[in-house]
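Enquirer: Got a predicted structure here, sequence first:
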Amino acid sequence: MQQYLDLCEHIINDGTWIENERTGKRCLTVINADLVYDVKNNQFPLITTRKSFWKAAIAELLGYIRGYDNAADFRVLGAKTWDANANDNSQWLNNPHRKGTDDMGRVYGVQGRAWSKPDGGCIDQLAKIIDNLTKGVDDRGEILSFYNPGEFHMGCLRPCMHTHNFSLLGDTLYLTSFQRSCDVPLGLNFNQVQVFTLLALVAQITGNKAGVAYHKIVNAHIYEDQLPQMRDIQLKRQPFTSPQLAINPDIKSLHDLETWVTLDDFDVTSYEHHDAIKYPFSV
Ligand SMILES: Nc1nc(=O)c2c([nH]1)NC[C@@H]1CN(c3ccc(C(=O)N[C@@H](CCC(=O)O)C(=O)O)cc3)CN21
Ligand SMILES: O=c1ccn([C@H]2C[C@H](O)[C@@H](COP(=O)(O)O)O2)c(=O)[nH]1
């Protein structure tokens with residue numbers, strides 16, 4: 001939690017104001033942040049200086065794992081977070097590739113589970129990784145990449161957390177996740193949960209121990225309309241100690257994650273937090 005607060009302070013103290021054309025807003029911005037999560041000791045990196053809706057973050061992750069391309073499917077899992085990008089952005093609404101209401105196009109999990117090959121067919125990057133890690137193999141290319149510039153024009157948003165690179169040392173699994181663009185008040189609150197949970201889940205279903213997750217961010221920003229709440233409210237609060245994440249031990253395979261797993265299979269214990277803060281969202 002302290003590393004999150006340090007990043008927020010760093011943006012406020014040292015950030016540069018940058019105009020963002022896509023949203024029409026200015027962002028206070030820094031380049032480079034390195035966050036580290038202790039998954040081994042279950043130090044769940046949940047924000048405590050405001051109430052965090054962690055279930056929606058895990059629902060998003062499940063949707064990516066399943067390769068969903070539709071905001072309605074994310075809503076069924078428990079995340080409304082893709083509604084705006086799928087339905088309220090005029091550029092995407094006018095895109096001939098959009099297949100109708102709630103379509104997100106070829107983003108995130110679609111690339112992870114069905115990357116189109118130029119010579120036909122597609123690649124399931126996640127299945128290959130799970131298969132290798134289950135056999136104790138790390139070919140030094142256990143990479144799940146959502147970043148496909150050849151299909152950016154077919155999706156509502158370029159992936160922000162775009163690459164997850166797994167590493168196996170003996171029977172301990174590590175994860176290094178890369179993020180190109182980070183909305184620190186809103187998105188990072190979710191992304192921290194997702195990096196941690198992805199390592200915990202993949203370790204569990206491949207029969208390995210979870211080690212450390214490394215989260216590398218390039219452009220970390222606070223939108224101009226979020227700044228007063230972050231600076232004058234959230235950063236004035238004292239953090240509480242980290243809660244713990246509990247995952248149903250019956251989840252044993254990728255197939256389980258694709259079929260019956262719901263948010264009821266996750267629980268957070270000892271979560272002490274301050275009141276919720278509603279931050280503006282930029283589409
Ligand atoms: N500007 C922007 N920031 C983001 O963080 C973001 C995007 N766009 N577009 C794609 C996804 C969607 N994400 C989102 C979208 C909404 C919330 C949000 O509104 N969170 C609220 C409450 C959510 C709830 O009640 O479930 C929060 O207080 O954290 C968070 C992440 C992350 N991503
Ligand atoms: O998982 C996510 C998804 C999105 N974001 C944020 C980062 C930016 O504020 C916007 C995306 O805008 P771009 O113009 O495509 O960079 O969404 C996030 O923090 N985490």
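Expert: Great, that's in hand. Bear in mind that the values here come from a model prediction, so they are computed numbers and not experimental data. Ligands and ions are numbered 1, 2, ... in the order given.
Enquirer: Write out the residues of the stretch 101-250 of the chain neighbouring ligand 2.
Expert: 157, 158, 160, 161, 181, 182, 183, 187, 188, 191 (C-beta under 6 Å from any ligand atom). Placement of C-beta: from N, CA and C, glycine included.
Enquirer: Thought residue 152 was touching the second one, still the case?
Expert: Right, the one you point to is residue 158. Yes - using C-beta atoms under 8 Å, residue 158 is in contact with residue 152, at 5.5 Å.
Enquirer: For the one helix or strand residue 37 maps to, which outside residues touch it?
Expert: Using DSSP states H and E, residue 37 maps to strand 25-38. Strand 25-38 has contacts (C-beta atoms under 8 Å, 6 or more residues apart in numbering) with 3-4, 7, 10-12, 14-20, 43, 45, 182, 192, 195-196, 199, 212-225, 227, 282.
Enquirer: Now list the buried members of these.
Expert: 4, 7, 11, 15, 20, 43, 45, 182, 192, 195-196, 199, 212-217, 219-224, 227, 282 (16 or more other C-beta atoms under 10 Å).
Enquirer: near ligand 1, from those residues?
Expert: residue 282.
Enquirer: Please flag which of the buried ones among the contacts of strand 25-38 sit within strands.
Expert: 20, 182, 212-217, 219-223 (DSSP state E).
Enquirer: Where does residue 131 sit: helix, strand or coil?
Expert: Three-state call for residue 131 (DSSP: H, G, I helix; E, B strand; the rest coil): helix.
Enquirer: gap between it and ligand 1?
Expert: 29 Å (C-beta to the nearest ligand atom, to the nearest Å).
Enquirer: Also residue 236?
Expert: Residue 236 is 18 Å from ligand 1, by C-beta to the nearest ligand atom.
Enquirer: Could you do residue 136 as well?
Expert: Applying C-beta to the nearest ligand atom to residue 136 and ligand 1 gives a distance of 34 Å.
Enquirer: tally of neighbours for the residue in the stretch 101-250 of the chain that ligand 2 sits nearest to?
Expert: At 2.1 Å from ligand 2, residue 187 is the closest residue in the stretch 101-250 of the chain, using C-beta to the nearest ligand atom. With neighbours defined by other C-beta atoms under 10 Å, the count for residue 187 comes to 21.
Enquirer: so what's it up against?
Expert: So, once contact is read as C-beta under 8 Å, 6+ apart, residue 187 ends up touching residue 160.
Enquirer: Backbone dihedrals for it, both of them.
Expert: phi -70, psi -40 (degrees, to the nearest 10).
Enquirer: could you show me where the helices are in the stretch 51-200 of the chain, in order?
Expert: 54-66, 71-77, 83-87, 90-93, 108-113, 125-134, 187-206 (DSSP state H, counting those that start in this stretch).
Enquirer: Would you format those helices as a markdown table with mean pLDDT included?
Expert: Below are the helices of the stretch 51-200 of the chain laid out as a markdown table (pLDDT from 0 to 100):
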| stretch | mean pLDDT |
| --- | --- |
| helix 54-66 | 98 |
| helix 71-77 | 98 |
| helix 83-87 | 97 |
| helix 90-93 | 94 |
| helix 108-113 | 96 |
| helix 125-134 | 98 |
| helix 187-206 | 98 |
